[in-house]
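J.: kindly return the folded structure for what I paste below:
(2 chains)
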There are 2 protein chains.
Amino acid sequence: MNAGDRVRVERSGTTYEGVLLPSTTADHLVVKLDGGYNVGVDRADADVEILESGVRDVERAQNVGGTSEVAFDDDLPTVSLISTGGTIASTVDYRTGAVTAQFDAEDVLRAVPDLAGRANYRGRVVANILSENMDPDIWTDLAEAVREEIEAGADGVVVMHGTDTMQYTASALSFMLETPVPIVFTGSQRSADRPSSDNVMNAVCAVEAAKADAAEVMVCMHASESDDACALHRGTRVRKNHTSRRDAFETVGAKPLGEVDYETGEVTFRREYTERGAVELEVAPDLEREVELLKFVPGMDPAVLDVYEGKAGLVVEGTGLGHVHTDLVERLGEMVEDGTTVVMTSQCLEGRVCDRVYDTGRDLLDAGVVEGEDTLPETMVVKLMWTLANVDDAAVRETVRTSLAGEIQDRSTPWL
Amino acid sequence: MNAGDRVRVERSGTTYEGVLLPSTTADHLVVKLDGGYNVGVDRADADVEILESGVRDVERAQNVGGTSEVAFDDDLPTVSLISTGGTIASTVDYRTGAVTAQFDAEDVLRAVPDLAGRANYRGRVVANILSENMDPDIWTDLAEAVREEIEAGADGVVVMHGTDTMQYTASALSFMLETPVPIVFTGSQRSADRPSSDNVMNAVCAVEAAKADAAEVMVCMHASESDDACALHRGTRVRKNHTSRRDAFETVGAKPLGEVDYETGEVTFRREYTERGAVELEVAPDLEREVELLKFVPGMDPAVLDVYEGKAGLVVEGTGLGHVHTDLVERLGEMVEDGTTVVMTSQCLEGRVCDRVYDTGRDLLDAGVVEGEDTLPETMVVKLMWTLANVDDAAVRETVRTSLAGEIQDRSTPWL
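T.: This is a model prediction of the structure:
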């Protein structure tokens, strides 16, 4: 039995017929069905009958510069898989009886045989962490890795990422990179050992998105609780809005950029997007680390502000149009005078900050606080880290209020 | 021209015919149309023709214990209007050219003549602040005021409140009060001087909700961008999810409790609710002030935790199922040992915290952090203030995880 043979595979009462592809592992068979769909079957579970030998010319290629052993097909685009950790490729940790992060890119292909035949893969590991441990230094490493992958010929990049902090990392890469190819984040809300796992569909759709005629930093996750499509979200406008649902990720304040049909692999864009190759590759990966987020709530002790003294930047998540208790305004003004860039966002999450309507807002503007427009608070933290490291001091305030990567939406809202 | 006269009023080309009601002000006429709907007309703009004198016995009553002069009708229930400040009854502040908070309950009736004829009103002012300046001490005052109003015979209470922090105050009263009548918060996203103002419809619907056969602490605000209905949200599950839209308020993770039809005034409940009179009035208005909220973001300096040392309570808004960077776990454990109650919630806002799935979560549980279930982070801050002041130390952790006022939803989510 060799790659290229036409086979009939039976597993658990279901029969698949197609051409055997070069499996990425010794454990799994990958069969290209006549409809073009690839199915992966655990060898241990499968009865295989060879129908015809060598019906298709497939070969097992050398490693392509990365750490993983992958199949190669001249007709297919090359997609780089970059692992950072997270549930999507995690394996069961028998030590503790629950799930822990542990994988490299080859593990991903082993876990998701359906990826075979869709692209040639380059694989590399940038980090292997739980996503709550994601750190701005890793965003910088990741941007450098993406640059290397694109320079090495990747037609698209898929970043495997834990879902907890995926939106922050996607924002970081949105600000750091001008990209001529798609950079697609994906992950999994349910581990692979659960029947409802979303890891296969999300990975498959992400690879299809990475092959698309686009050049955006996107998040690709389940569009609904159904297994029919993934939504594509702009990296700076996406938010994990549910702790556990598979369709937890949503574009805030707008429709998603588009979607990927799981069955056909077709990628459809519903909004304006940057086309593949429209811009040259450029990377500005530096970040200012001394940026914090403060979410205001009634009853907050004004002395809490003291801990942010001397920071380079502070993003405030205020109430409504962008307010905090009057008692905080003077102290914020002092921080601005001392060199801290203070940016106002809203805990409403949707809608634009506007500090020109009410007294408190005007006092905040007088104190030197910058309005974050309708940028999400979480995205604003990342943008401020990037802005303070990459823009002249004199241009920081203007940059905060200018959309760099779709983080500020058009003022199409008739109500403001 | 006297109250009780049948009149024809013409204003700006529109003609109204009905019975003149005792207007609450010298500036406005209030006419009960034959359909039962009340319309308020600025006297200065109106041409009035008396069709028949004294067709209905209406009288102008004495003040009813409060600060406002109000009309009285034996056939109508009594609704208490309590002002705390905010846009709904604010007037244009010509000093600054924008809107500032400045009103009492009589001003509200002057601003919303359509309230006349729907109920007898008691009016009082508990505060006159911008809602970003709302303070837990005012929540205590408000609970006492509501108690007094109910004891004085109010069949329902409407709290006029700025929208910025309405959800926090509604949560506070939800925990502080066992109520036999509806307590309905309402406000306005657009000031009365704007053509798109929502103040009239919200106030009218709130009064109708306060008359309903229910006994819930609710928020009553525009259900959509249309002017046809207000949604009724449970006080502990509601969130201002848009900075400026009139339908900014949403019930998180569920449908609203019900709605009020603006035209008919009909109140419909869509979910289980407490019926009027089902419980006796009880008030527990004390709060522990030393409670703070910390929203975790990647890159956060662990030293930020130092500022919360010695606090009675800290609500953490973690990522995903309830995580923070591993570097923070030990410090949080020390705080718990030192007597701070640390509660984990999620910045996803929707969905339940579950710290038993991943290593970091289990470490947090080992460190003594309490899971906030699916309580909203903002609601959890208020609940923790209340719990620490009203429950024995030994019962605090259990109380945090027990639904007191609908803040924790049923575990109907099949995915967790």
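
J.: now for the residue in the stretch 201-350 of chain A that chain B sits nearest to, how many residues are close by?
T.: At 3.2 Å from chain B, A:Thr243 is the closest residue in the stretch 201-350 of chain A, using CB to the nearest CB. Every C-beta, even on glycine, is put in place using the N, C-alpha and C of the backbone. A:Thr243 has 28 neighbouring residues, counting by other CB atoms under 10 Å in any protein chain shown.

J.: ok, it - contacts?
T.: By CB atoms under 8 Å, 6 or more residues apart in numbering or on different chains, the residues touching A:Thr243 are B:Gly320, B:Leu321, B:Gly322, B:Ser346, B:Cys348, B:Glu350, B:Gly351, B:Arg352, B:Val353, B:Cys354, B:Asp374, B:Leu416.

J.: now do 10 Å
T.: A:163-164, A:189, B:318-322, B:345-354, B:374, B:413, B:415-416 (CB atoms under 10 Å, 6 or more residues apart in numbering or on different chains).

J.: partner strands of the longest strand anywhere in chain A, with direction?
T.: Longest strand of chain A, by residue count under DSSP state E: strand A:14-21. In the sheet, strand A:14-21 lines up against strand A:6-11 (antiparallel), strand A:28-33 (antiparallel) (DSSP bridges).

J.: nearest spatial neighbour of the residue of the stretch 201-350 of chain A closest to chain B, chain-adjacent residues omitted?
T.: Distance criterion CB to CB, 6 or more residues apart in numbering or on different chains; nearest residue to A:Thr243, sequence neighbours excluded, is B:Gly351 at 3.2 Å.

J.: verify the contact between that neighbour and B:Gly372 for me.
T.: No - when contacts are counted by CB atoms under 10 Å, B:Gly351 is not listed as touching B:Gly372 (11.6 Å).

J.: more crowded one of these two?
T.: A count of neighbours by other CB under 10 Å puts B:Gly372 above the other of B:Gly351 and B:Gly372, at 27 against 24.

J.: return the distance of the more buried one relative to chain A.
T.: B:Gly372 is 11 Å from chain A, where distance means CB to the nearest CB, to the nearest Å.

J.: ok, which stretches of chain A are helices?
T.: A:105-111, A:136-151, A:166-176, A:199-210, A:326-337, A:359-366, A:377-390, A:396-400 (DSSP state H).

J.: mind putting these into TSV with mean neighbour count?
T.: Conversion of the helices of chain A to TSV gives the following (neighbours: other CB atoms under 10 Å in any protein chain shown):
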stretch	mean neighbour count
helix A:105-111	23
helix A:136-151	19
helix A:166-176	28
helix A:199-210	26
helix A:326-337	17
helix A:359-366	20
helix A:377-390	26
helix A:396-400	18
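
J.: quick one: those helices as TSV, columns for mean pLDDT and distance to chain B too.
T.: Below are the helices of chain A laid out as TSV (pLDDT from 0 to 100; distance: least, CB to the nearest CB, whole Å):
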stretch	mean pLDDT	distance to chain B
helix A:105-111	65	18
helix A:136-151	97	4
helix A:166-176	98	5
helix A:199-210	95	15
helix A:326-337	97	5
helix A:359-366	92	6
helix A:377-390	98	5
helix A:396-400	98	17
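
J.: B:Asp393 is nearest to which of those helices?
T.: In terms of CB to CB, the element of the helices of chain A nearest to B:Asp393 is helix A:326-337, at 30.3 Å.

J.: which strands and helices sit next to that closest one?
T.: strand A:313-318, strand A:341-346, helix A:359-366 (3 or more CB pairs under 10 Å, 6 or more residues apart in numbering or on different chains; DSSP states H and E).

J.: relative to helix A:359-366, how tilted is that helix?
T.: 10 degrees (axes from the mean of the first three to the mean of the last three CA atoms, to 10 degrees).

J.: which residues touch helix A:326-337?
T.: With contact meaning CB under 10 Å, 6+ apart, helix A:326-337 is reached by A:294, A:296, A:300-306, A:308-311, A:314, A:316, A:318, A:323-324, A:340-342, A:344, A:359-361, A:363-364, A:366-370, B:129-130, B:132-133, B:135.

J.: if we go to 8 Å?
T.: With CB under 8 Å, 6+ apart, helix A:326-337 has contacts from A:296, A:300, A:302, A:305, A:308-309, A:314, A:316, A:324, A:342, A:360, A:363-364, A:366-369, B:130, B:132-133.

J.: ends of stretch A:314-334, how far apart?
T.: Using CA to CA, to the nearest Å, the end-to-end distance of stretch A:314-334 comes to 13 Å.

J.: relative to the whole chain's centre, how far out is it?
T.: Its chain's C-alpha centre and that of stretch A:314-334 lie 31 Å apart, by CA atoms, centre = their mean, to the nearest Å.

J.: out of the strands paired with strand A:14-21, deepest packed?
T.: strand A:28-33 (a mean of 21; mean count of other CB atoms under 10 Å in any protein chain shown).

J.: would you mind checking the average pLDDT for that strand?
T.: What strand A:28-33 shows for mean pLDDT is 72.

J.: next one: that strand to chain centre, how far?
T.: On CA atoms, centre = their mean, the centre of strand A:28-33 falls 28 Å from that of its chain.

J.: what do you get for stretch A:230-242?
T.: On CA atoms, centre = their mean, the centre of stretch A:230-242 falls 8 Å from that of its chain.

J.: one more: stretch A:277-286?
T.: Put simply, stretch A:277-286 sits 17 Å off its chain's centre (CA atoms, centre = their mean).

J.: list the contacts of the closest residue to A:Leu287 other than its chain neighbours.
T.: Among residues not flanking A:Leu287 along the chain, A:Met385 sits closest, at 4.4 Å (CB to CB, 6+ apart). Residues near A:Met385 by CB under 8 Å, 6+ apart: A:Pro136, A:Ala172, A:Leu287, A:Glu288, A:Arg289, A:Val291, A:Gly313, B:Gly299.
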